[in-house]
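1. Show me how the following folds:
(one chain, ligands or ions: 2)
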Amino acid sequence: MAQIVTILNFKGGVGKTTVSVELSTALARFYDKKILLVDLDPQASATFYVMEQEHWAHWKSTNGSTSDLFEQRLHFSLSKAIVHDVIKGNAPVFGFDLLPSNPDLVDVDLRLADFVGYTVLQRYFEQISAEYDYIICDCPPNFNPVTKNALWASDAYVIPTIPDFLSTYGIGLLQRSVQKLFAPIKHSKLFTGPLLGGILLTRVKATNLHKHYCNLVRQDYPGEVFNQMISDSITVAAAIEDRTPISALNPAKGHAQDLQYQFQIMAGEFINRIQQLQAQKLAESHPQ
Ligand SMILES: Nc1ncnc2c1ncn2[C@@H]1O[C@H](COP(=O)(O)OP(=O)(O)OP(=O)(O)O)[C@@H](O)[C@H]1O
Ligand SMILES: [Mg+2]
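-> Residues are numbered from 1 along each chain as shown. Ligands and ions are numbered 1, 2, ... in the order given. The predicted model follows:
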């Protein structure tokens with residue numbers, strides 16, 4: 001059964017999509033994991049990180065995308081909508097599948113605002129969970145019904161944040177929002193909602209200000225922060241331009257090599273963190 005993990009921050013531009021795509025690529029390439037990345041943002045940034053626009057345009061109209069899933073159209077088939085080995089054309093990475101997004105997802109949100117159930121995604125994931133090690137959900141920068149669907153389906157959530165005031169300020173609010181969402185089922189033995197899989201410092205610059213906020217976050221959330229940080233690097237923009245994640249480059253050179261190494265180490269830490277949460281959940285559901 002797959003471990004389902006939501007990449008979450010209500011703040012925009014903190015690196016959620018970059019982390020989702022690079023983590024998925026690194027898990028597939030360096031750790032032989034089978035990954036499904038689910039693009040839940042109408043901006044479709046994760047989709048365009050790895051898919052050419054023409055390929056995507058054809059795919060969404062013939063095979064479907066996340067907006068069709070939420071519309072729950074009768075003809076929607078999840079297995080048909082998944083793009084298998086989405087980046088193998090650009091680089092030899094296997095085991096990374098994508099469920100692409102579509103700007104129409106924004107209408108789904110507006111129209112279904114309070115009516116969409118939070119279990120739509122969970123029910124679809126049950127169909128394919130056995131095929132994957134991890135299902136990673138890249139969310140929009142808000143707490144809309146689509147984001148809530150992702151959380152409802154998830155075992156854990158990871159918070160990427162830039163080490164600055166505005167980006168880190170929301171971490172507490174975000175945790176409280178997740179707790180509130182699951183408050184009605186808090187005492188259920190079967191399911192208590194997703195656990196915090198970790199806070200990941202991203203776009204880190206070698207400035208005193210960033211150093212200060214990195215220390216502050218580690219102090220405020222002891223044990224919850226990934227040891228590995230992700231540096232701010234222009235190679236990210238180049239990767240998106242080429243539709244080839246940094247974690248897929250072979251060989252990676254210069255700054256890209258440094259960043260690829262960071263993503264690789266972070267992905268290894270991710271595996272360990274999620275494993276620990278799994279063990280913790282198991283122990284809680286079967287107390288001695
Ligand atoms: N490590 C990095 N170094 C330099 N630039 C980065 C890095 N990570 C992300 N970026 C850039 O920052 C911008 C925002 O990144 P990204 O799209 O991953 O953030 P996001 O949190 O998903 O944004 P949104 O909230 O809009 O979905 C992009 O232009 C991306 O190329
Ligand atoms: Mg994004």
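2. mind listing what's buried in the helix or strand harbouring A239?
-> Under the criterion of DSSP states H and E, A239 resides in helix 235-242. Neighbour-count burial for helix 235-242, counted by 16 or more other C-beta atoms under 10 Å, picks out 235-236, 239-240. Placement of C-beta: from N, CA and C, glycine included.
3. now do stretch 22-35
-> Neighbour-count burial for stretch 22-35 [16+ other C-beta under 10 Å]: 22-31, 33-35.
4. Can you classify I136 by secondary structure?
-> strand (DSSP: H, G, I helix; E, B strand; the rest coil).
5. On the three-state scheme, A206 is what?
-> coil.
6. That one: how many residues sit nearby?
-> For A206, the tally of surrounding residues (other C-beta atoms under 10 Å) stands at 8.
7. Then N144?
-> What N144 shows, counting by other C-beta under 10 Å, is a neighbour count of 20.
8. can I assume it is in contact with D109?
-> Yes. The pair N144 / D109 is scored as a contact, 4.9 Å apart, by C-beta atoms under 8 Å.
9. next one: stretch 145-154 to chain centre, how far?
-> 12 Å (C-alpha atoms, centre = their mean, to the nearest Å).
10. Check whether it comes near ligand 1.
-> No. Using C-beta under 6 Å from any ligand atom, stretch 145-154 stays clear of ligand 1, coming no nearer than 11.2 Å.
11. Around ligand 1, pick out the residues from this protein.
-> 12-18, 41, 43, 45, 141, 202-203, 230, 232-233, 236-237, 240.
12. Could I have the buried ones of these as PyMOL selection syntax?
-> Burial among the residues of the chain next to ligand 1 is assessed by 16+ other C-beta under 10 Å; the matching PyMOL selection reads:
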select buried, resi 14+15+16+17+18+41+43+45+141+202+203+230+233+236+240
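13. Ligand 2 next: which of the residues of the chain next to ligand 1 are close?
-> With C-beta under 5 Å from the ion as the criterion, these include 16-17, 45 near ligand 2.
14. TSV for the residues you listed, including secondary structure?
-> TSV is the format used below for these (three-state DSSP):
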residue	secondary structure
K16	helix
T17	helix
S45	helix
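15. Most widely separated two among the buried residues of stretch 22-35?
-> E22 and K34 (16.9 Å; C-beta to C-beta).
16. can you tell me which helix in the protein is longest?
-> The longest helix of the chain (DSSP state H) is helix 254-285.
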